[in-house]
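**Q** Fold the following, please.
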Amino acid sequence: MWFMGSAADDIVGLYQRHAGAWTDARGTRLIERPWLERFSQLLPAAAAVLDLGCGSGVPIGRYFVDLGFSVTGLDSAPEMINLFKSNLPDQVAAVGDMRALNLDRRFNGLLAWDSFFHLAHDYQRAMFSAFREHALPHAALMFTSGPTFGEAIGTLEGEPLYHASLDSAEYRMLLNDNGFDVVAQVSQDATCGGRTVWLAQHR
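**A** Predicted coordinates for the structure are as follows:
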């Protein structure tokens, strides 16, 4: 029997084991395009974007590169970073866990799309100071969460895939306390596969 804690602890290994299968299933369709456009509109020309949980770099990283942005990809699964480097060889990519984020650099845009929601509650809370420390003035921040407080288990290649979420009031508080204003927020966006999306901007 799987417990929430076991599934939460296995996120890195799960994506490492199934990097190829996840990439194939993800494909290149950009159902996220409207949100990526809103995010990009908050960025200056030639912006530097940090993609946390970047996966293979396709299609989201490539979308930013095609706009003329530079992308730094960070993923805890080494095989994902190998794929990223193959797909986007002119961009920066590194193996790293966002829970220990400390790049000593600030960015115009911070993205944690379909990655932030794999962190347990306390790790999510701690991420907001890390976002702040890596954000240039007026930097955009976008992440996906769940619609309500709780934990849930999905599957990846038949194995348990952990998700967690705080409630919307706490996300708003954490954003505000760390210098971010909410630009847009939609719970269970039907136009984006039912994702709950947060877009904010650093003051």
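**Q** Now the longest helix seen in the chain: buried residues?
**A** Counting by DSSP state H, the longest helix found in the chain is helix 121-133. Buried positions in helix 121-133, judged by neighbour count with 16 or more other Cβ atoms under 10 Å: 123, 124, 127, 128, 130, 131, 132. Every residue, glycine included, has its C-beta placed from N, CA and C.
**Q** which neighbours does whichever helix or strand comes after that helix have in its sheet, and in what orientation?
**A** The helix or strand immediately downstream of helix 121-133 is strand 135-145, counting by DSSP states H and E. According to DSSP bridges, strand 135-145 has the following sheet partners: strand 107-112 (parallel), strand 195-202 (antiparallel).
**Q** Can you give me the buried ones in strand 135-145?
**A** Buried residues in strand 135-145 (16+ other Cβ under 10 Å): 135, 136, 139, 140, 141, 142, 143, 144, 145.
**Q** and if you look at stretch 95-110?
**A** 95, 96, 97, 98, 101, 106, 107, 108, 109, 110.
**Q** Name the nearest residue to the second one, ignoring sequence neighbours.
**A** Sequence neighbours aside, residue 74 is the residue nearest to residue 96 in space, at 4.7 Å (criterion: Cβ to Cβ, 6 or more residues apart in numbering).
**Q** Please name the bridge partners of that neighbour.
**A** Beta-bridge pairing for residue 74 (DSSP bridges): residue 52, residue 94.
**Q** downstream neighbour of the helix or strand of the chain with the lowest mean pLDDT in the secondary structure list?
**A** Each helix and strand of the chain was given a mean pLDDT (mean pLDDT, DSSP states H and E); the minimum falls on helix 4-9 at a mean of 72. Sequence-wise, the next helix or strand downstream of helix 4-9 (DSSP H and E) is helix 11-17.
**Q** So which elements touch that next one?
**A** helix 78-87, strand 159-165 (3 or more Cβ pairs under 8 Å, 6 or more residues apart in numbering; DSSP states H and E).
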